[in-house]
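S.K.: Model the structure of this input:
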Amino acid sequence: MSRHRNVRSMNYEDEYYGYDDSYGHSVEDDYCVSPATAAQFMYNRDQTHSLFSYMDTGEDIPEEESDSDHEPLTDSRNYKRPQLNDVDEARLNSCLEEIRNIIGDSTPEHVLIDVIMQHNFSYERALNAILSQQEKPKPQREPRAKRRTRQEEPKVNTDLKLGPPPATNNAGARPKVKDSDLDLNHVSEGLARKTFSSSKPTTKRFDSPVEELKTHTVEKDAIRRIKTDTDLLRLERNSVGSSGSTESLPQKVEEAMNGISATPIPKGTSRSKQDRVDLEKEYEKRKAGKELLNLVVIGHVDAGKSTLMGHLLYQLGHVNKRTMHKYEQESKKLGKASFAYAWVLDETEEERSRGVTMDVAQTRFETAHRVVTLLDAPGHKDFIPNMITGAAQADVAILVVNATRGEFETGFEAGGQTREHALLVRSLGVFQLAVAVNKMDTVDWSPDRFNDITKRLGQFLKQAGFKENDVAYVPCSGLSGENLTVMKEAALSAWYNGTTLLERIDLFKAPERATDKPFRMCVTDVFKGMGSGFSIAGSVEAGNVQSGDRVLVMPVGHSATVKGVLIEEGPVPCAFAGDHVALIVTGIDMATVHIGSILCDPSQPIKAVSRIKARVVIFNIDVPVTKGFPVVFHYKSLNEPAHIKRLISQLHKSTGEVIKKKPRCLMKNSNAVIELEINRSVCIELYKDYKDLGRFMLRYGGSTIAAGLVTEVSTLGRFMLRYGGSTIAAGLVTELVEGKSARGD
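M.R.: Numbering: from 1, shown residues only. Below you'll find the predicted structure:
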């Protein structure tokens with residue numbers, strides 16, 4: 001063993017002296033074979049071998065000549081394009097390029113040209129026809145029993161000819177039938193003529209493969225019956241003294257052909273009508289179940305929002321004990337043992353190490369009557385844009401405040417996020433609010449502390465626009481889990497007889513959804529999945545979407561095809577307004593879709609503008625707002641630099657009447673109508689048409705200074721130039737020149 005030898009002073013040359021270290025040999029040749037046997041069965045490198053000795057000296061094998069009579073491939077090499085004029089040739093090339101950008105090179109060029117010319121150079125109709133033809137179901141293999149029956153059918157001699165029926169004598173004697181009188185080819189031709197002859201021209205439909213399969217099935221059954229009758233006739237002819245008449249064969253052939261023509265072919269129903277019926281049934285089914293509710297959790301930093309909702313999810317069974325134990329052990333290692341429940345929603349490593357929620361966490365749970373989509377918004381001042389993104393998707397909100405003495409005052413006074421968050425959600429259309437007075441265990445469940453907090457908060461929320469009936473207060477503790485789903489603390493039950501936090505969530509009313517309006521979806525995330533295409537995540541603001549729909553991505557103006565709809569990582573047939581979905585799309589470059597883009601209906605697209613007219617409410621600001629004031633425009637998940645172009649008028653707070661036109665500045669707590677110019681075009685709707693898509697926020701210097709409603713949009717002044725399916729330039733209109741129109745007037 002080497003570890004028992006003195007290897008430090010070892011001379012390796014003496015150690016290997018005398019060994020045969022020839023290349024290809026082992027160090028110790030201890031095999032017990034004779035030299036003759038070794039020479040016979042072992043390869044000797046020293047002996048030169050000729051490669052020619054291993055080759056056969058016979059005649060050369062002739063090479064096979066390529067068959068020159070093969071059938072040409074079904075491609076476009078030998079295809080001659082039709083002679084067209086310059087205008088039609090340009091239209092044809094434009095359609096070819098657009099279709100190639102979507103479907104690639106999988107379809108031959110001559111097929112595309114034929115389809116385009118059949119649809120009179122209509123790009124959309126030709127593309128739908130090609131896609132429908134590609135999506136036809138492949139012919140399925142027949143079941144094993146049917147294949148065995150078909151193999152056992154008697155073989156028919158196709159050389160037989162079917163002649164006219166011979167006349168029979170009065171004695172009933174049957175004449176002899178010759179083999180030449182039978183011909184199945186004539187029967188097939190007659191069958192084809194009988195089947196396809198009609199007074200109306202037959203139009204080929206690309207979207208009804210079921211009809212073709214049914215027609216072919218009927219034809220095969222009829223031909224099979226004719227073959228069987230022919231075999232029976234041949235057997236009757238060979239049998240001596242058999243009774244019957246040969247008129248049965250033509251009669252059966254005629255019946256078979258009449259059966260084909262008389263078989264009713266079901267009329268094809270358009271795909272849009274079928275999908276519309278399915279959508280209505282799906283929506284009615286959803287309305288019959290639990291109502292959907294989008295809930296956002298807001299509040300000052302360190303108020304315990306993530307811990308509160310994480311413990312609620314744990315009590316509802318969405319987190320198992322093994323995972324919770326893992327979070328407890330890992331949080332103890334980082335010195336943050338009290339953050340274990342917060343890790344249920346704070347999943348990133350940076351959030352867990354800093355102990356601060358940075359992005360909007362999303363999950364789903366159910367109550368007795370609601371399906372709740374939970375949005376945990378960040379509370380830190382640096383992540384207000386992310387909080388606005390979450391609040392813009394919510395229907396109701398939970399405001400979490402810290403009951404610890406001194407902590408509530410820090411978040412409620414100037415500089416805290418309690419006031420700003422409440423104003424933001426109210427300005428973004430949230431009318432129902434539940435105030436969770438958290439960490440009540442730190443004040444020994446004192447009713448005086450609870451009443452003091454509710455009194456101070458009630459006055460502020462009333463000024464912010466919340467009604468008293470729409471605001472509820474719930475004392476609880478996120479760390480101990482008290483009064484989240486059940487009430488166990490005796491000190492609390494002695495003076496509080498209200499609802500738990502889960503019961504309060506179940507009492508929220510679901511708003512009306514704009515399902516009857518054109519499709520609108522705000523993009524919040526874009527990522528690449530495992531399959532083909534990529535995924536676009538966001539919330540459906542209006543309308544509905546399902547697999548196979550064509551959508552338009554604005555403001556870039558590119559179209560895409562929806563290949564799948566996912567909710568909570570599970571496939572669903574369709575999605576409606578209010579759903580948080582992930583769409584798998586194809587036919588568009590992933591780099592053209594960004595956070596803040598809008599997916600809409602191609603027939604009724606959303607407006608892309610850079611100048612809007614809006615009615616705004618100015619909050620508590622230190623600097624007056626004047627003409628040219630720079631702001632940051634926050635809209636859904638989008639934020640863009642902007643500036644105030646004009647101050648049109650100042651309005652009365654209560655009545656909305658104009659009290660001053662063209663004011664020089666706007667002070668705090670004032671209402672006004674302004675014209676806002678955004679640096680880049682954004683997709684926006686009027687408040688009167690889409691309430692959720694007509695609200696925005698204005699921020700300056702790290703604080704929110706105003707909230708607004710879009711009353712008018714202006715598209716004049718900006719335009720785009722496109723060529724060959726791509727945007728090549730953007731411009732501004734500087735002057736309008738009068739001139740003659742194309743008609744000469």
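S.K.: Give me the nearest residue to Met487, chain neighbours excluded.
M.R.: Residue nearest to Met487 in three dimensions, not counting chain neighbours: Ser493, with 5.6 Å by Cβ to Cβ, 6 or more residues apart in numbering. (C-beta placed from N, C-alpha, C; glycine too.)
S.K.: pLDDT at the one you found, what is it?
M.R.: pLDDT recorded at Ser493 is 89.
S.K.: residues near it, how many?
M.R.: Look at Ser493: counted by other Cβ atoms under 10 Å, it has 12 neighbours.
S.K.: what's the answer for the one 5 residues further on, then?
M.R.: When counting by other Cβ under 10 Å, one arrives at 12 neighbours for Gly498.
S.K.: do the same with the one 3 residues further on
M.R.: With neighbours defined by other Cβ under 10 Å, the count for Leu501 comes to 23.
S.K.: do the same with Glu675
M.R.: 16.
S.K.: measure it to His643 for me?
M.R.: 10 Å (Cβ to Cβ, to the nearest Å).
S.K.: Met358 now?
M.R.: Counting by Cβ to Cβ - Met358 and His643 are separated by 29 Å.
S.K.: Kindly report the same for Asn451.
M.R.: In terms of Cβ to Cβ, Asn451 sits 46 Å off from His643.
S.K.: How about Thr323?
M.R.: In terms of Cβ to Cβ, Thr323 sits 49 Å off from His643.
S.K.: do Val658 as well
M.R.: Distance from Val658 to His643, by Cβ to Cβ: 23 Å.
S.K.: and what of Thr363?
M.R.: 39 Å.
S.K.: And the pLDDT at Pro154?
M.R.: At Pro154, pLDDT is 48.
S.K.: same thing with His318?
M.R.: 89.
S.K.: That one contacts Leu374, correct?
M.R.: No - using Cβ atoms under 8 Å, His318 is not in contact with Leu374, being 9.9 Å away.
S.K.: more crowded one of the two?
M.R.: Leu374 (22 against 16).
S.K.: That one: what secondary structure?
M.R.: Classification of Leu374 using DSSP: H, G, I helix; E, B strand; the rest coil returns strand.
S.K.: quick one: it from Val297, how far?
M.R.: Counting by Cβ to Cβ - Leu374 and Val297 are separated by 7 Å.
S.K.: same question, Val609
M.R.: Distance from Val609 to Val297, by Cβ to Cβ: 33 Å.
S.K.: Please say which of these two ends up with more neighbours.
M.R.: Between Val609 and Val297, counted using other Cβ under 10 Å, the more crowded position is Val297 (28 against 21).
S.K.: ok, and the more buried one, which helix or strand is that part of?
M.R.: strand 291-299 (DSSP states H and E).
S.K.: which residue sits closest to Asp692, ignoring its sequence neighbours?
M.R.: Closest to Asp692 by Cβ to Cβ, 6+ apart is Glu541, at 5.2 Å.
S.K.: same for the helix or strand encompassing Glu97, what does it pack against?
M.R.: Glu97 is part of helix 86-103 when elements are defined by DSSP H and E. The elements that helix 86-103 packs onto, with contact taken as 3 or more Cβ pairs under 8 Å, 6 or more residues apart in numbering; DSSP states H and E, are helix 109-118, helix 123-134.
S.K.: weakest of those helices in terms of mean pLDDT?
M.R.: helix 123-134 (a mean of 79).
S.K.: Show me what counts as buried in that helix.
M.R.: Neighbour-count burial for helix 123-134, counted by 16 or more other Cβ atoms under 10 Å, picks out Tyr123, Ala126, Leu127, Asn128, Ala129, Ile130, Leu131.
S.K.: who touches the second one in this structure?
M.R.: For Ala126, the set of contacting residues under the criterion of Cβ atoms under 8 Å, 6 or more residues apart in numbering consists of Cys95, Ile99, Leu112, Val115, Ile116, Gln118, His119.
S.K.: Which stretches in the stretch 501-650 of the chain count as helices?
M.R.: Shown for the stretch 501-650 of the chain, the helices assigned by DSSP state H, counting those that start in this stretch span residues 501-506.
S.K.: Please list all residues in contact with the residue lying closest to Lys563 once chain neighbours are set aside.
M.R.: Distances taken as Cβ to Cβ, 6+ apart place Ile584 nearest to Lys563, at 4.7 Å, with adjacent residues excluded. Taking Cβ under 8 Å, 6+ apart, we find Ile584 in contact with Gly529, Gly531, Gly533, Phe534, Ser535, Val562, Lys563, Gly564, Val565, Leu566.
S.K.: what's the spacing between Tyr473 and Ala614?
M.R.: Following Cβ to Cβ, the distance that separates Tyr473 from Ala614 is 34 Å.
S.K.: of those two, who's got more company?
M.R.: For Tyr473 versus Ala614, neighbours defined as other Cβ under 10 Å are more numerous around Ala614 (24 against 20).
S.K.: List the contacts of the nearest residue to Thr367 once chain neighbours are set aside.
M.R.: Excluding the flanking residues, the one nearest Thr367 by Cβ to Cβ, 6+ apart is Asp506, at 4.0 Å. Going by Cβ under 8 Å, 6+ apart, Asp506 touches Thr367, Ala368, His369, Arg370.
S.K.: And those residues, which is closest to Ala90?
M.R.: Arg370 (57.2 Å; Cβ to Cβ).
S.K.: Could you give the bridge partners of the residue lying closest to that closest one once chain neighbours are set aside?
M.R.: In space, and not counting its chain neighbours, Arg370 is closest to Leu293: 4.8 Å by Cβ to Cβ, 6+ apart. Judged by DSSP bridges, the bridge partners of Leu293 are Val372.
S.K.: Pretty sure Phe629 sits against His643.
M.R.: Yes - Phe629 is within contact range of His643, at 6.5 Å (criterion: Cβ under 8 Å).
S.K.: The two: who's more crowded?
M.R.: Neighbours were counted for Phe629 and for His643 using other Cβ under 10 Å; Phe629 has more, 21 against 14.
S.K.: picking up where we left off before, could you identify the helix or strand that succeeds the strand holding Val297?
M.R.: Defined by DSSP H and E, the subsequent element after strand 291-299 is helix 305-315.
S.K.: so how many other residues sit close to Ile453?
M.R.: Every residue meeting other Cβ under 10 Å relative to Ile453 is counted, giving 22.
S.K.: How confident was the prediction at Asn238?
M.R.: Value for Asn238, per-residue pLDDT: 47.
S.K.: Same question for Leu313.
M.R.: 92.
S.K.: what about it, how many neighbours?
M.R.: There are 18 residues near Leu313, going by other Cβ under 10 Å.
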